[in-house]
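**Q** I'll drop the sequence and a predicted model, then ask my questions.
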Amino acid sequence: TQSTRPQRLLGAVKKNATRGDPRSVVKAIDQFCRQKEWAMNVGDEKGCILDSVVSELNPATVLELGTYCGYSTVRIASMLPPHAKLITLEFNPDYAAVARQVIAWAGLEDKVQLVEGASGDLIPKMSEQFEVETFDLVFLDHWKDRYLPDTKLMEECGLLKKGSVLLADNVICPGTPEYLEYVRASPRYESQYFRSHLEYTKVEDGLEKSVFLG
Ligand SMILES: Cn1ncc2cc([C@H](O)c3cccc(CNC(=O)c4cc(-c5ccc(F)cc5)cc(O)c4O)c3)ccc21
Ligand SMILES: [Mg+2]
């Protein structure tokens, strides 16, 4: 049977990256996506912006919406302090299966909890099922029409505290107009746009960083 793109991406990681070395996993995926097949990872250019937000914030609890193959999961988890936790939500079982192996190859299983399911169903269960009070950082990279409803849901479930940071991918391409309008107009957020490019291309895209003011 034919392999899928995520499976071929995983093959490139196993072939070219060193077990236990997250940076080599990130490099192998970027190389695969530049030289072989484009894939919707946040990529190296936006990835550097993601790295700077994570290192500045030094978060103890991180929520990622949309794991895909685990590229940004590995990027974030590799920068977390000891005992910090990253919970990542993926509804597609095939993506989840590949992501688990990418995360394991990077040696980051102990920092990452990949939960299979849809954000809208899992977010209300966060505090009880996953023993999390609030998130210091949320990385939004799932369906673009879910960014806004899930942000409102996180507010309602009390998962954001003063200083919590939302970092949203693809606010230009494919675009998340309703989400952008909401966080930029709301007095409860301080928003900042980081201009960049769609992963592995020259097309404009960017990340929106929004600090929850409580
Ligand atoms: C509810 N819920 N809960 C968990 C959860 C997890 C998922 C999956 O991880 C998943 C599956 C398919 C698509 C996405 C969103 N990502 C994108 O659509 C995207 C597109 C492009 C792009 C840009 C230009 C193109 F020409 C084509 C694609 C560039 C990007 O960086 C993207 O992130 C995420 C979905 C819903 C979920
Ligand atoms: Mg994305």
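**A** Structure received. Ligands and ions are numbered 1, 2, ... in the order given.

**Q** what number of residues lie near residue 109?
**A** Residues contacting residue 109 under the criterion other C-beta atoms under 10 Å number 13. (Each C-beta comes from the backbone N, C-alpha and C, glycine too.)

**Q** now do the phi/psi pair for it.
**A** phi -60, psi -40 (degrees, to the nearest 10).

**Q** quick check: chain neighbours aside, which residue is closest to it?
**A** What sits nearest to residue 109 in space, not counting adjacent residues and going by C-beta to C-beta, 6 or more residues apart in numbering, is residue 103, at 6.1 Å.

**Q** one more: residue 108?
**A** residue 77 (4.4 Å).

**Q** I figured the one you found hits residue 25, correct?
**A** No. Counting by C-beta atoms under 8 Å, residue 77 stays clear of residue 25, with 10.6 Å between them.

**Q** okay, and the helix or strand of the protein with the least pLDDT?
**A** Sorting the helices and strands of the chain by mean pLDDT, DSSP states H and E puts helix 126-129 at the bottom, at a mean of 94.

**Q** for that one, list the C-alpha coordinates in CSV.
**A** Only the C-alpha atoms of helix 126-129 are listed here, as CSV (Å, rounded to 0.1, in the frame of the first residue of the first chain):
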residue,chain,number,x,y,z
MET,A,126,-8.3,19.7,30.7
SER,A,127,-8.4,20.7,34.4
GLU,A,128,-9.9,17.4,35.7
GLN,A,129,-8.4,14.8,33.3
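
**Q** overlap in contacts, residue 77 and residue 25.
**A** Each of residue 106 lies in contact with both residue 77 and residue 25 under the rule C-beta atoms under 8 Å, 6 or more residues apart in numbering.

**Q** in terms of neighbours, single out the busier of those two.
**A** Neighbours were counted for residue 77 and for residue 25 using other C-beta under 10 Å; residue 25 has more, 28 against 25.

**Q** can you name the residue of the protein nearest ligand 2?
**A** The nearest approach of the chain to ligand 2 comes at residue 169, 3.7 Å away (C-beta to the ion).

**Q** so what pLDDT did that residue get?
**A** With respect to pLDDT, residue 169 scores 99.

**Q** over to residue 1?
**A** 83.

**Q** could you find the closest non-adjacent residue to residue 139?
**A** Here the residue nearest residue 139, using C-beta to C-beta, 6+ apart, is residue 64, at 4.6 Å.

**Q** beyond the helix or strand that contains that neighbour, next helix or strand please.
**A** Using DSSP states H and E, residue 64 falls within strand 61-65. The first helix or strand that comes after strand 61-65 along the chain, using DSSP H and E, is helix 71-77.

**Q** contacting residues around that next one?
**A** Here helix 71-77 has contacts from 22, 25-26, 29, 41-43, 47, 50-51, 54, 62, 64, 67, 86, 88, 99, 102-103, 106, 108, 111-112, 114, 137, 139, 141, 169, using C-beta under 8 Å, 6+ apart.

**Q** from these, which land in helices?
**A** Residues of these located in helices (DSSP state H): 22, 25, 26, 29, 43, 47, 50, 51, 54, 99, 102, 103.

**Q** what count of nearby residues applies to the closest residue to residue 169 other than its chain neighbours?
**A** Closest residue in space to residue 169, ignoring its immediate chain neighbours: residue 141 at 4.3 Å, by C-beta to C-beta, 6+ apart. A count of nearby residues for residue 141, using other C-beta under 10 Å, gives 25.
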